[in-house]
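# next input, structure requested:
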Amino acid sequence: MRIFITGGAGFIGSHLCDYFLAHGNHVVAMDNFITGSPDNIAHLKNNAQFEFIKQDVTTFINVPGSIDAVLHFASPASPKSYLDFPIQTMKVGALGTHNALGVARAKKARFLLASTSEVYGDPLEHPQKESYWGNVNPIGPRGVYDEAKRFAEALTLAYHREHGMETRIVRIFNTYGPRNALDDGRVVPNFVGQALRGEPLTVHGDGSQTRSFCYVSDLVQGIAQLLRSDEELPVNLGNPNELTIKLFAERINALTENQAGIIFTNRPVDDPSRRNPDITKARTRLGWEPQVSLDDGLRETIAYFRARMKR
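Coordinates of the predicted model:
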C-alpha cells in the first residue's frame, strides 16, 4: 500500500510512519513542524519507501501518484499547543480535514481521522462510550480543540454519506511514549521532565481527577487494525485502567527515584474530572486491547526523555 499521513512528523504520526514502513508499505508524510519535529523522522531520511512533504495541510494538497489510505493526524494535540495556536487548531480541524478528505476522495483511498477523547469534554458519563455525545464548553479556551475535532468527525461522516467514501474515525485517549515533546504540556512529559530534573511534580487541584494512559505502540496497533476493519463509526482507543493524577505522580517519582515530592496548583479551566475509555467496541470489533503495562511503558518513556535531556 501507499499511505499518506498528515502530521507525519508528530508524536503519533511518526510512529505510524515507522509501523507502516515496517510492514512493507510506502509512506508519504506531510507536516509543517508547527508542533511536529524533524527529529521524529530523521531516521527515515534514507529510506527509499519514505517521502516527506513540508506543507501546511490547510492549504491545497497535491500528492502525485496513487494513494491507498489517508491518515489525517495533523493538529496541535496538547493543551499547551492548542492554547498557543488556537486559530491554527481550528483551521486544521476544518480546512485541513476538508483537504485531506479531498485527497482521499480523488485517489479513491480509505480515510482515517484522528479524533480525540476531548470530544466528550468534561464527561457526565463514565467510562465514556462512543454513543455518548459529550459535555463540551464550545466557547471555553479548550473549545478550539474540542470543537475542531467534533467538526472534523461530522465532516468525515458527511463525506462518507454523501460520496460513499470508506472512512474510519479513532477517538484517541491519553497516549504517551518516546517522541512526546518534553515541553508540550501533557501530564506524562511534564511529570517525567520535572522528576528527571529533581523538581517537585506539579499537580493541578488536589490530584483526584483521573486519567488512563495508553502506550504509543498499543495505540498504533489499534489504529492499524481499525484502518483494516469495516467499522465506519468512531472507535475509542485507550487504556481503560484508570488512576488519579496524584497516584500517577507518585508512580513517576518512584520510577525516577525523585525525592522532591509533589506540589499542588490551581486546575485549568474546563479540565476534565474523569477521563476513561469504554473499549468494548475495540475489543469486539477489532480484537484489540492494550498489552503494555504502565510501568513498562513509563520505563521506556523515562529512558527516552533522560537521553534527550543529556543532549
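# how about the contacts made by Phe73?
Residues in contact with Phe73 (CB atoms under 8 Å, 6 or more residues apart in numbering) are Ile5, Thr6, Gly7, Gly8, Gly10, Ile12, Gly13, Leu16, Ala114. For the C-beta atoms, the positions are set from N, CA and C on the backbone; glycine is no exception.
# tell me the contacts of the second one?
What that stands for is Thr6. By CB under 8 Å, 6+ apart, the contact list for Thr6 reads Gly13, Ala29, Met30, Asp31, Val57, Val70, Leu71, His72, Phe73, Ala74, Gly96, Ala100.
# buried set for stretch 225-239?
Gln225, Leu226, Leu227, Glu231, Pro234, Val235, Asn236, Leu237, Gly238, Asn239 (16 or more other CB atoms under 10 Å).
# just to revisit the earlier point, among the contacts of Thr6, which are in strands?
Mapping these onto strands (DSSP state E) picks out Ala29, Met30, Asp31, Val70, Leu71, His72.
# most neighbours among these, please name it.
Neighbour counts for those (other CB atoms under 10 Å) peak at Leu71, which has 31 neighbours.
# for that residue, what are its contacts?
Counted by CB under 8 Å, 6+ apart, Leu71 has contacts Ile3, Phe4, Ile5, Thr6, Gly13, Leu16, Leu112, Ala114, Ile223, Leu227.
# turn those into JSON lines, including distance to Arg186, pLDDT and secondary structure.
Listed next are these as JSON lines, based on distance: CB to CB, whole Å; pLDDT from 0 to 100; DSSP: H, G, I helix; E, B strand; the rest coil:
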{"residue": "Ile3", "distance to Arg186": "26", "pLDDT": "98", "secondary structure": "strand"}
{"residue": "Phe4", "distance to Arg186": "26", "pLDDT": "98", "secondary structure": "strand"}
{"residue": "Ile5", "distance to Arg186": "21", "pLDDT": "98", "secondary structure": "strand"}
{"residue": "Thr6", "distance to Arg186": "20", "pLDDT": "98", "secondary structure": "strand"}
{"residue": "Gly13", "distance to Arg186": "16", "pLDDT": "98", "secondary structure": "helix"}
{"residue": "Leu16", "distance to Arg186": "18", "pLDDT": "98", "secondary structure": "helix"}
{"residue": "Leu112", "distance to Arg186": "22", "pLDDT": "98", "secondary structure": "strand"}
{"residue": "Ala114", "distance to Arg186": "15", "pLDDT": "98", "secondary structure": "strand"}
{"residue": "Ile223", "distance to Arg186": "19", "pLDDT": "98", "secondary structure": "helix"}
{"residue": "Leu227", "distance to Arg186": "25", "pLDDT": "98", "secondary structure": "helix"}
